[in-house]
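K.L.:
how would this look folded up:
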Amino acid sequence: MTKTKNKVLLFNPRSANAKYRIPNSVLQIGASIHGLFEYVFVDGNLELDAWETIEKYLKTDNFKYFGCTVMPGPQLRQAIPFTKKIKENYPEVIIIWGGYFASNQYKVSIESGFVDYIINGPGDKAFPNLLNALEEIKFSLTAEWEFKIKSIKNLIYKDLNDKIIKTPKEDLLEQDILPALPYQHLANFYPLEKYLGKTYLGNKTFSYHSSFGCPFTCSFCAVVPIYEARWKGKSAKRIFDDILFFKEKYAIDAIEFHDNNFFTSRKRVVEFSRLMLNQNIIWWGEGRIDTIDKYSDEELLLMRKAGCKMIFLGAESGNDELLKQMDKGGTQTAEQMKAFVARMKTVDIIPELSFVLGFPAKNEETVWKQIKQDIEFIKEIKTINSDAEIIIYIYSPVPTEGSEMYELIKKSGFHFPEELEDWLSPAWEKFDLRKNPLTPWLKPYMIDEIRDFETVLNGFYPTVSDVRLNTWQRVFIKKLSLFRYKMGFYWKPKEIRLFQHIWKYRQPEIEGF
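P.N.:
Okay, the predicted model is just below:
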């Protein structure tokens, strides 16, 4: 064990107001240094005053490292100001960021002056290697420092000449050889029961990551620049053993798999489903239509029997030309989507389809035409399978430098904030939730149409994942929305929004289940 002066504080900034998930990202980092460094967890979701807790630790003068996972959106509210305060009040503390925001917006993060290092992708080796290197170096910012730091993969930092350096990417590690997540260590700080809340899936829902990355290169996806079309997953047996532990110790009855692409390996999913038979656990995961459509009917029925109740799927658009422009990297088409949702109905698995509206195009007329086409396509999907859940996002650019889509948005005049603290504005937070695009090709009337249609759609087809809505509320709001939905009259549906506000209607794309 290292000296107490070298303790590590791992911080998970607040990301939700309810139904908190196990902070798998900082747990993964904790596992990488378990037994090597002393470390503590601070979860902003479960703290009344997260800064007070952080400062309580820092005031002991025992903490040398502050590690923070930073996802786009709500986490920025704590990640940015807290990090800045640490650098101002405790300048000797070394600050290390990780997560999608840190990797994708690395320039503005490093240039802020209060982020020292960024873990660019998985930190299973990069994080302990960085800490070990810094422990060995007697004086920072020297040739010795630069030599050691430059040899660490998956790292972003500034060199002695104030130049931003991105070290090479490391191959994804075999997941089964990685140490188990330190759940019991987390339990020393927060009762694990706090993370097992009631959702649409069950009364005690467990959040789990079984794989990293995705083998596809969609031009709008934040995962692509980090994993570069790579994927590695735990074995079915390893996943099952972890689940069995939580079932026996905490009586979980549901699981959310928050993998980027849980269904990549059909062999793994089939084996996992066989293991899950008779466990009475409901589960949900994310996948691709053109991947899962290759599964046989028998395999899909096995999945359903094993507890698979709903699958999140990136439909994106019903426009085949747009799908090609997105570089989905597969064979997905509009006709395949329609056949797939019909097939899901026969096996009793709910397809949860996400659509991204408002992609850039050569002119305003084309953008508007694409939006209207996708609205009609969504309605057609609901006609084929009324149980299909629809989630609507507005296109938000991802900084995948060199991609055709990124070059197109740059030509349109779009640019990201040049100062890290500018990301704290409400507009940019909503941008990261894909609700407020700030993109020059989308005009106000287009955004209004998308939002108004979404309101009417959610009124006529209330999401099944909102466990608070009772039967009479669902019947009432469906009747209230009937005329607008059938006639295609979406303009300012204030009466529907009123009841959604009163009933605190839950939107899965923002709040999960």
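K.L.:
distance-wise, check L160 relative to D242.
P.N.:
44 Å (Cβ to Cβ, to the nearest Å). The C-beta positions use only the backbone N, C-alpha and C, and glycine is treated the same way.
K.L.:
pull the longest helix from the chain.
P.N.:
Looking across the chain with DSSP state H, the single longest helix is helix 364-384.
K.L.:
may I have that helix exported as PDB, CA atoms only?
P.N.:
C-alpha atoms of helix 364-384 as PDB (Å, rounded to 0.1, in the frame of the first residue of the first chain):
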ATOM      1  CA  GLU A 364     -33.000  24.400 -45.800                       C
ATOM      2  CA  GLU A 365     -35.600  22.800 -48.000                       C
ATOM      3  CA  THR A 366     -33.900  19.400 -47.800                       C
ATOM      4  CA  VAL A 367     -33.500  19.500 -44.000                       C
ATOM      5  CA  TRP A 368     -37.200  20.300 -43.600                       C
ATOM      6  CA  LYS A 369     -38.200  17.600 -46.100                       C
ATOM      7  CA  GLN A 370     -36.100  15.000 -44.200                       C
ATOM      8  CA  ILE A 371     -37.700  15.900 -40.900                       C
ATOM      9  CA  LYS A 372     -41.300  15.600 -42.300                       C
ATOM     10  CA  GLN A 373     -40.400  12.300 -43.900                       C
ATOM     11  CA  ASP A 374     -39.100  10.900 -40.600                       C
ATOM     12  CA  ILE A 375     -42.200  12.000 -38.700                       C
ATOM     13  CA  GLU A 376     -44.300  10.100 -41.200                       C
ATOM     14  CA  PHE A 377     -42.000   7.100 -41.000                       C
ATOM     15  CA  ILE A 378     -42.300   7.000 -37.200                       C
ATOM     16  CA  LYS A 379     -46.100   7.000 -37.400                       C
ATOM     17  CA  GLU A 380     -45.800   4.100 -39.900                       C
ATOM     18  CA  ILE A 381     -43.600   2.200 -37.400                       C
ATOM     19  CA  LYS A 382     -46.300   2.700 -34.700                       C
ATOM     20  CA  THR A 383     -48.900   1.400 -37.100                       C
ATOM     21  CA  ILE A 384     -46.900  -1.800 -37.600                       C
END
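K.L.:
quick one: list the elements packing against it.
P.N.:
helix 334-347, strand 350-357, strand 389-394, helix 444-460 (3 or more Cβ pairs under 8 Å, 6 or more residues apart in numbering; DSSP states H and E).
K.L.:
average pLDDT for it?
P.N.:
The pLDDT scores in helix 364-384 average 96.
K.L.:
so which of L160 and D242 has more stuff around it?
P.N.:
D242 (18 against 10; other Cβ atoms under 10 Å).
K.L.:
what are the phi and psi angles of I96?
P.N.:
Dihedral angles phi and psi of I96 (degrees, to the nearest 10) take the values phi -130, psi 120.
K.L.:
quick check: it vs P128, distance?
P.N.:
I96 is 11 Å from P128, by Cβ to Cβ.
K.L.:
compare the two (neighbour count), which wins?
P.N.:
I96 (25 against 19).
K.L.:
and the more buried one, how far from H258?
P.N.:
I96 is 22 Å from H258, by Cβ to Cβ.
K.L.:
equivalent analysis for E298, please.
P.N.:
With Cβ to Cβ as the criterion, E298 and H258 are 27 Å apart.
K.L.:
so these two - more neighbours on which side?
P.N.:
H258 (20 against 10).
K.L.:
surely M337 is in contact with I381?
P.N.:
Yes - M337 is in contact with I381 according to Cβ atoms under 8 Å; the separation is 7.0 Å.
K.L.:
between the two, what contacts are shared?
P.N.:
315, 318, 353 (Cβ atoms under 8 Å, 6 or more residues apart in numbering).
K.L.:
nearest to S151 among the residues you listed?
P.N.:
Set against S151, the nearest of the shared contacts of M337 and I381 by Cβ to Cβ is A315 (43.2 Å).
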